[in-house]
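[1] What follows is a predicted protein model with its sequence.
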Amino acid sequence: MARDIVENPDLLDELQEVADGMQGNHITLATSEIFEKIYGLELAVCEQNMPMWKYDEWLESYGYGNVPELEEDPEIHRIYESDIPDIGRNGLSIIEEVGTKLTAEIEGCISCGACEKECPEDALKVEDGVITIRSDYCNGSACLRCERICPSKVFSYDKMLYIEGEDAVSL
């Protein structure tokens, strides 16, 4: 349908009239034979890595034509310099921390730093028996090397608390 609209922009007005005349707020495409065939092909390309030449063969066998060849050096007509305002480095805003920090003062911790050195994600810091973990680097569901390496066997990820302003809520 998108191809039809590109080839005939007036079709968009016709489709809008059809949409305006609908009483429901959704369309069930599962009953469309065309949708069923194309959706199956799209899944084969995306999920099973079907090559594009095979995709084209199937499209042709269904009588839908082929995917147009990619233009080697397309001419780009810019209407606006940028559709996203330039902010930050290279037009992007860099967010350094996206997770929550977890912390705990672990009784018996000798602040040896073994857990900190063992962490493959550099998510863990130890200062004076207080352990802080950045959850955007580690969520405690994978290696747990920090627990295994602890010489005092007192460190447990389950003892970590979310930092929420002044308060902390147990995991």
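    Structure received. Numbering: from 1, shown residues only.
[2] Tally up the residues packed near Glu42, please.
    12 (other CB atoms under 10 Å). Yep, even glycine has a C-beta here, placed from its N, CA and C like the rest.
[3] For the helix or strand encompassing it, enumerate the helices and strands it packs against.
    Using DSSP states H and E, Glu42 falls within helix 33-48. Counting contacts by 3 or more CB pairs under 8 Å, 6 or more residues apart in numbering; DSSP states H and E, helix 33-48 is packed against helix 52-62.
[4] Distance from the following helix or strand past the helix it packs on to the middle of the chain?
    Downstream of helix 52-62, the next assigned helix or strand under DSSP H and E is strand 101-105. Chain-centre distance of strand 101-105: 27 Å, with CA atoms, centre = their mean, to the nearest Å.
[5] Return the list of strands paired to strand 101-105, each annotated with direction.
    Strand 101-105 has its sheet partners listed here by DSSP bridges as strand 130-134 (antiparallel), strand 161-164 (antiparallel).
[6] Of those, flag the one that's most buried.
    strand 130-134 (a mean of 19; mean count of other CB atoms under 10 Å).
[7] Just the residues contacting it, thanks.
    97, 99, 101-106, 109, 115, 123-125, 140, 155, 157, 160 (CB atoms under 8 Å, 6 or more residues apart in numbering).
[8] can you rerun that using 7 Å?
    Under the contact criterion CB atoms under 7 Å, 6 or more residues apart in numbering, strand 130-134 has outside partners 97, 99, 101-106, 109, 123-125, 155, 160.
[9] What residues sit buried inside the helix or strand following that strand?
    Using DSSP H and E, the next helix or strand after strand 130-134 towards the C-terminus is helix 145-149. By 16 or more other CB atoms under 10 Å, the buried positions in helix 145-149 come out as Arg145, Cys146, Glu147, Ile149.
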